[in-house]
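what's the 3D shape of this:
(one chain, ligands or ions: 2)
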Amino acid sequence: MIHKSYTDENHELSGSCLCGRVRWHARGPFRHVVACHCRECRKWSGHFFPGIRSRSDRIVIEGEESLRWYRSSEFARRGFCGECGSTLFWQSGSITNIAAGSVDGETALGIIQHIHTGEAGDYYDL
Ligand SMILES: [Zn+2]
Ligand SMILES: [Zn+2]
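Ligands and ions are numbered 1, 2, ... in the order given. Predicted coordinates:
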């Protein structure tokens, strides 16, 4: 089950923020999308955070001068575009969850899990 929730390592994805200043390219394996409904992710993203788990060293970022990081906890930081504000990355050391909404083109991925649903907003159903 857990095994199949990852793509193979030839899977490639690219993405960008709304204004296009920050661009990223990444190679798998990627975990399929996990939607986090915790309070922090809801505040940060404006709804819930759909993350594509990836290895940090397999992501190449362009336009890093526009990328800002917010340290949201002792073990994680959150990356966003300092120009347009787009939510891009949740990162904890060697693990980065890429915002699924930042992907350009087809992801060939799907949501496999919703987590921290006890903190979900009362304005939507799961
Ligand atoms: Zn931007
Ligand atoms: Zn969360």
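
and the protein, which of its residues are near ligand 2?
36, 38, 41 (CB under 5 Å from the ion). C-beta coordinates here come from the backbone N, C-alpha and C atoms, glycine included.

same thing but 8 Å
Selection of the chain residues close to ligand 2 by CB under 8 Å from the ion yields 36-42, 48-49, 90, 115-116.

run through the helices of the chain in chain order.
With DSSP state H as the criterion, the chain has helices at 39-45.

so where's this protein uncertain?
1-3 (pLDDT under 70).

relative to Asp8, which of the residues of the chain next to ligand 2 is nearest.
If you rank the residues of the chain next to ligand 2 by distance to Asp8 using CB to CB, Trp90 comes first, at 23.0 Å.

returning to what we had before: in PyMOL, select just the buried ones from the residues of the chain next to ligand 2.
The following PyMOL line selects those of the residues of the chain next to ligand 2 that are buried, judged by 16 or more other CB atoms under 10 Å:
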select buried, resi 36+37+38+40+41+42+48+49+90+115+116
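
let's have the residues of the chain next to ligand 2 in TSV, adding distance to Ala100.
Output for the residues of the chain next to ligand 2, formatted as TSV (distance: CB to CB, whole Å):
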residue	distance to Ala100
Cys36	11
His37	14
Cys38	16
Arg39	20
Glu40	17
Cys41	12
Arg42	15
Phe48	11
Phe49	9
Trp90	12
Ile115	14
His116	16
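
pipe the residues of the chain next to ligand 2 into a markdown table and attach distance to ligand 1 per row.
Formatted as a markdown table, the residues of the chain next to ligand 2 follow (distance: CB to the ion, whole Å):
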| residue | distance to ligand 1 |
| --- | --- |
| Cys36 | 22 |
| His37 | 25 |
| Cys38 | 24 |
| Arg39 | 25 |
| Glu40 | 21 |
| Cys41 | 19 |
| Arg42 | 21 |
| Phe48 | 21 |
| Phe49 | 17 |
| Trp90 | 17 |
| Ile115 | 27 |
| His116 | 27 |
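
understood, closing this out.
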